[in-house]
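S.K.: build the 3D model from these lines:
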Amino acid sequence: MPHPPMPLRLDTARLTLRPWTEPDIAAHRALVAERGGGTPSVEDNRRMIEAQRAASARSGIALLPVVRRGTDDFIGYCGLTVGRASLDEPEIAYELFRRVHGQGYATEAASAVLDAAAGTGRKRLWSTVRPWNTPSFRVLDKLGFRRDHVTTDDAGELVWLTRSLP
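M.R.: Residues are numbered from 1 along each chain as shown. Okay, here's the model as predicted:
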C-alpha cells in the first residue's frame, strides 16, 4: 500500500464513525430504501457490507457507519472510497438519513474523514455530486472543496469537486 491505512474509528464531539456491525444491516437497508427504488434484501445488503469490509482490508480506506455518540443510533455512513477516483486520490462520500439533515452531522463526519485522509499522507481528495444535490454542495463548500469539472454518465450530469490536503 502506498499510504498507511486510515483509522477505522473516528470520534467527533457528537459522532462516532466505526466499523460495520451486524445490526447496521437493517439500518443501512432503510437508508438505501430512502433513496427510492426499493429496499435491498437482507442478503444483498449483507453482501454490500461484506464487499465494503473486503475493499477496506485491501485498500486501507473505508466507508464507515456514522452513529450518534451515547446512543449508537445509526444515522448514515461517511468515509473514503475509490469510487470514480483512485486509491491515491480517493473520493469522500457520505449519506445520512433525511431525518438528521440540517443538523451539521455530515459536515462533522466528513471533517473527521478529511483529517484521517490527511493523516495517511494523501494530498488530494475528490467528491462527485449530482447537480440537484444542493445540501451536499453546501457540506463540501464548508470543507473547502472546489468545483473542478463536469462529466455525464447514464444518470446524467456529475459535478467533480476536489480539495487539496495539508
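S.K.: so where's this structure shaky on pLDDT?
M.R.: 1 (pLDDT under 70).
S.K.: dump the top helix by length along the chain to PDB, restricted to CA.
M.R.: Longest helix of the chain, by residue count under DSSP state H: helix 42-59. C-alpha atoms of helix 42-59 as PDB (Å, rounded to 0.1, in the frame of the first residue of the first chain):
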ATOM      1  CA  VAL A  42     -31.100  -8.600   3.900                       C
ATOM      2  CA  GLU A  43     -28.700 -10.900   2.000                       C
ATOM      3  CA  ASP A  44     -28.000  -8.300  -0.700                       C
ATOM      4  CA  ASN A  45     -27.300  -5.700   1.900                       C
ATOM      5  CA  ARG A  46     -25.100  -8.100   3.900                       C
ATOM      6  CA  ARG A  47     -23.100  -8.700   0.700                       C
ATOM      7  CA  MET A  48     -22.700  -4.900   0.100                       C
ATOM      8  CA  ILE A  49     -21.300  -4.500   3.600                       C
ATOM      9  CA  GLU A  50     -19.000  -7.600   3.300                       C
ATOM     10  CA  ALA A  51     -17.800  -6.200   0.000                       C
ATOM     11  CA  GLN A  52     -17.100  -2.800   1.700                       C
ATOM     12  CA  ARG A  53     -15.200  -4.600   4.500                       C
ATOM     13  CA  ALA A  54     -13.100  -6.600   2.000                       C
ATOM     14  CA  ALA A  55     -12.400  -3.400  -0.100                       C
ATOM     15  CA  SER A  56     -11.300  -1.700   3.100                       C
ATOM     16  CA  ALA A  57      -8.900  -4.500   4.100                       C
ATOM     17  CA  ARG A  58      -7.300  -4.300   0.600                       C
ATOM     18  CA  SER A  59      -7.200  -0.600   0.200                       C
END
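S.K.: which SSE is residue 93 in?
M.R.: In the assignment (DSSP states H and E), residue 93 maps to strand 91-96.
S.K.: with just CA atoms, put that strand into CSV.
M.R.: In CSV, the C-alpha atoms belonging to strand 91-96 read as follows (Å, rounded to 0.1, in the frame of the first residue of the first chain):
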residue,chain,number,x,y,z
GLU,A,91,-13.5,10.2,-3.1
ILE,A,92,-15.0,11.3,0.1
ALA,A,93,-18.6,10.1,0.3
TYR,A,94,-21.4,10.4,2.8
GLU,A,95,-25.1,9.6,3.1
LEU,A,96,-27.3,10.3,6.0
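S.K.: contacts for that strand next, please.
M.R.: 31, 63, 66, 75-85, 105-106, 109-110, 113-114, 117, 125-128, 136, 139 (CB atoms under 8 Å, 6 or more residues apart in numbering). Where you see a C-beta, it was placed from the backbone N, CA and C, and this is true even at glycine.
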